[in-house]
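A.B. asks: Compute the structure for the input listed below.
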Amino acid sequence: MDSTLYNAAVKGNTSDGEFLLAEYLKRDEEIGYQVTPKGNTVLHVASFYGHSHFVGEVLEITPALLCYKNKKNETALHLAAAIKGHKRVVRVLLHAAGEENKETLMRMTDDNGDTALHKAARSGNFGAVKVLVKEDSELFNFQFPANNAEETPLYLAAESDFADCASQILKSSIRPTYGGPCGRTALHAATIQRNRRLRKVVSEMLGWNKSLAYLPAGSENDWTTTIHIAASEGYVNVIKELLNHCPDCWELLNSNGQNALHVAISNKKRREKLSFQRRLRQFRRGRRDFEIKRKNMHEPEDEMDSGGTNTQQRENKAKRDKIGKLKDIMTATQIHLVVATLLVTVTFAAALTLPGGFESDPDSHNKGMAMLIRKTVFRAFVVSNAIAFTCSSSAVFSYFFIAVNAASTKKLKTIRRLLRRRVGFRLSRCQPL
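C.D. replies: Okay, here's the model as predicted:
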């Protein structure tokens, strides 16, 4: 799209200096409409940015753009309906369609099967929902179908927690469709939400169609009903509303053979258990923090009470630090010793059972020699195995030396240096094997 035309649509300028929108649009009718990389026309761009006056002028000059679709099969009405605050753009587009084309425009779907009302309900654009539903109910009384994901506009509004949009669809539509995926309905979706306004929507849905309370949601082997959902979440007011309209729905069972009371009790126990575990963790964390603080507060006093001086305190602290570091070193040594011992065992076994076996022909001059002795790869294997065996054996004897001298804290530096050398040497030499 020409940059001048695109910027004008973004800013909503129909004329600016030498730019005249009418000239650009008339030229486009002759050579073809200009579009963005996503296939959006100037009408799409202006609708997206909410410039109703620009949209109106475009449609007066080129009304054919009204039903033009981009690469996602979206019309300008789809884009305007999906963004809050663009109610005026929606009105302008519907007015331009006229009575003969308004139904066609409102029924157009994108690649996901969404109509403009689907877009508005999903985004919570109450103004667009109100305009679209009112226009449809007054003129056509059409039941909006589900999209490709089996979602109706009413279901989307309830699932997205937009109570005002859901209520508007219920009030304006004589026969609103309410289905959702996996057998769920808008009533199931509204019951799950914590929005108090959606409880009013629940009442409105039940007043419109009581059978919704009895419909199961889920798969063939795992399903539930609205009253089970309310019981599991602890929504007492919703349960009262359900029983007020459908007093016998408490008898409904889910796929596990449970009624609402069973679900409420089991979920209450689960919530109490989680709450207890959370309080227990907080108690343990608080107790641990208290013990650490108490230790830091009393240790210096205990040492002073025992007649120790500041110098003695520093020496005692240094001694404890050495003992702690020695314990850490010995723990690491045990792990490394196991690894080194395994390497010694593997390399020793590999030396006895060479790949390819030995020459057993009694007439051969190489009897008892390795079959692959002339192979370069085999020779490299023998050399690498010998190096690995030597390094691992050295590491094992070094760890024994560390264990013998670990009792003396005065040799901490020597032990630490030796351990670091052994570990680094073993990893650098033996790791390829």
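A.B. asks: and Y49, how many neighbours does it have?
C.D. replies: Using other CB atoms under 10 Å, Y49 has 18 other residues around it. Quick note: C-beta positions are derived from backbone N, CA and C, even for glycine.
A.B. asks: actually D2, sorry about that
C.D. replies: Residues near D2, counting by other CB under 10 Å: 12.
A.B. asks: Regarding the closest residue to it other than its chain neighbours, what is its secondary structure?
C.D. replies: Excluding the flanking residues, the one nearest D2 by CB to CB, 6 or more residues apart in numbering is Q34, at 5.9 Å. Here Q34 is recorded as coil under DSSP: H, G, I helix; E, B strand; the rest coil.
A.B. asks: list the contacts for Q34?
C.D. replies: 1-2, 5, 28, 41-42 (CB atoms under 8 Å, 6 or more residues apart in numbering).
A.B. asks: The stretch 101-250 of the chain: strands as residue ranges?
C.D. replies: Ranges of strands in the stretch 101-250 of the chain, per DSSP state E, counting those that start in this stretch, are 217-218, 223-224.
A.B. asks: Show me the one of those strands that comes nearest A350.
C.D. replies: Comparing the strands of the stretch 101-250 of the chain against A350 with CB to CB, the closest turns out to be strand 217-218 (58.4 Å).
A.B. asks: Report the strands that pair with that closest one, each with its relative direction.
C.D. replies: Strand pairing for strand 217-218, determined by DSSP bridges: strand 223-224 (antiparallel).
A.B. asks: what does the partner strand rub up against?
C.D. replies: For strand 223-224, the external contacting residues (CB under 8 Å, 6+ apart) are 183, 216-218, 254-255.
A.B. asks: switch to 6 Å and redo it
C.D. replies: The contact list for strand 223-224, computed with CB atoms under 6 Å, 6 or more residues apart in numbering, reads 216, 218, 254-255.
A.B. asks: Please apply the same query to stretch 53-72.
C.D. replies: Here stretch 53-72 makes contact (CB under 6 Å, 6+ apart) with 12, 14, 22, 25, 38-41, 43-44, 46-47, 75, 89, 92, 96, 110-111.
A.B. asks: so where is the stretch 301-433 of the chain shaky, pLDDT-wise?
C.D. replies: Scanning the stretch 301-433 of the chain for pLDDT under 70 picks out 301-330, 332-333, 352, 361, 363-368, 399-433.
A.B. asks: and if we set it to 80?
C.D. replies: Where the stretch 301-433 of the chain drops to pLDDT under 80, the residues are 301-344, 346-375, 377-378, 392, 395-433.
A.B. asks: got it, and the stretch 51-200 of the chain?
C.D. replies: For the stretch 51-200 of the chain, residues meeting the criterion pLDDT under 80 lie at 136-144, 172-178, 182-183, 189-200.
A.B. asks: Can you report how many residues lie near the closest residue to L21 other than its chain neighbours?
C.D. replies: Using CB to CB, 6+ apart and skipping the chain neighbours, the partner closest in space to L21 is T14 (4.6 Å). Counted with other CB under 10 Å, the neighbours of T14 add up to 18.
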